[in-house]
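K.L.:
quick check, what structure comes out for this input:
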Amino acid sequence: MIKLIIFDLGGVVISIPEYKYFDYLARENDVSPYLVERIISISAPVLESGKISLSEFQDNMGREFGMPSRKVGWLTFFKKRAKLDEDVITIVESLSKNYKIAFLSNIDKWRYDYVIKHIMAGVLHLFSYKFASFRLGSVKPSPRIYREVLKRTRFRSSEVIFIDNNYENVEGARSVGMKSIKFSNPKRLALELKKFGIKLESV
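P.N.:
Next up, the predicted model:
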């Protein structure tokens, strides 16, 4: 029986067009957006696991791309582009009537602080548990982070559904026994939840 439903933030609860950030850095440095994405995918987890500061991350990226660190714009871009997905929040609100709700995000302290204060302030009450990678010291899809969530919430993996827009993160959750859904859009999410027998009111 499902008791806890965990949502990713960026790309699920929060809409953030990361490809536009990759395009920006690619234009600034006359390189491929795919190269930018690959470099970010290697470096960002170090920041998001709390091992380095934002200034250190931007200094590293500045050296990597040969640009002033202030132009890396990791947090600036996020503040300009990130917004709440109201359709997903409608689903969260419906689910919260019958289930415990959590979020688990690969996110650094600086973006997280902005999310809590400016993006999700009005909906935080819907989430019984709030997990950020920089606080847990590891990132998805490492099995360690999912096990830590299970330990802190005291739910069995068979009682949990995890939702993420990243296939590797979904597989990471499945590797510890959680049921998982690969997010694509709110309408599809509602259908997938119902396949698990989840009660959704007014959705």
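K.L.:
hang on, residue 57 packs against residue 42?
P.N.:
No: at 11.7 Å, residue 57 does not count as touching residue 42 under the criterion of Cβ atoms under 8 Å. Where you see a C-beta, it was placed from the backbone N, CA and C, and this is true even at glycine.
K.L.:
report the buried residues of the top helix by length along the chain.
P.N.:
In the chain, assigned by DSSP state H, the helix with the most residues is helix 33-48. Applying a neighbour-count criterion of 16 or more other Cβ atoms under 10 Å, one finds 33, 36-37, 39-40, 44-45, 47-48 buried in helix 33-48.
K.L.:
which residues does it contact?
P.N.:
Helix 33-48 has contacts (Cβ atoms under 8 Å, 6 or more residues apart in numbering) with 18-19, 22-23, 25-26, 29, 52, 54, 56-57, 60-61, 64-65, 74, 106-108, 133-134, 139.
K.L.:
what about these, which are in helices?
P.N.:
18-19, 22-23, 25-26, 29, 54, 56-57, 60-61, 64-65, 74, 133-134.
K.L.:
hmm, which of those residues are the buried ones?
P.N.:
When the ones in helices among the contacts of helix 33-48 are checked for burial by 16+ other Cβ under 10 Å, the buried set is 22, 25-26, 54, 57, 60-61, 64-65, 74, 133-134.
K.L.:
most widely separated two among the residues you listed?
P.N.:
Largest separation among these by Cβ to Cβ: 26 and 134, giving 26.5 Å.
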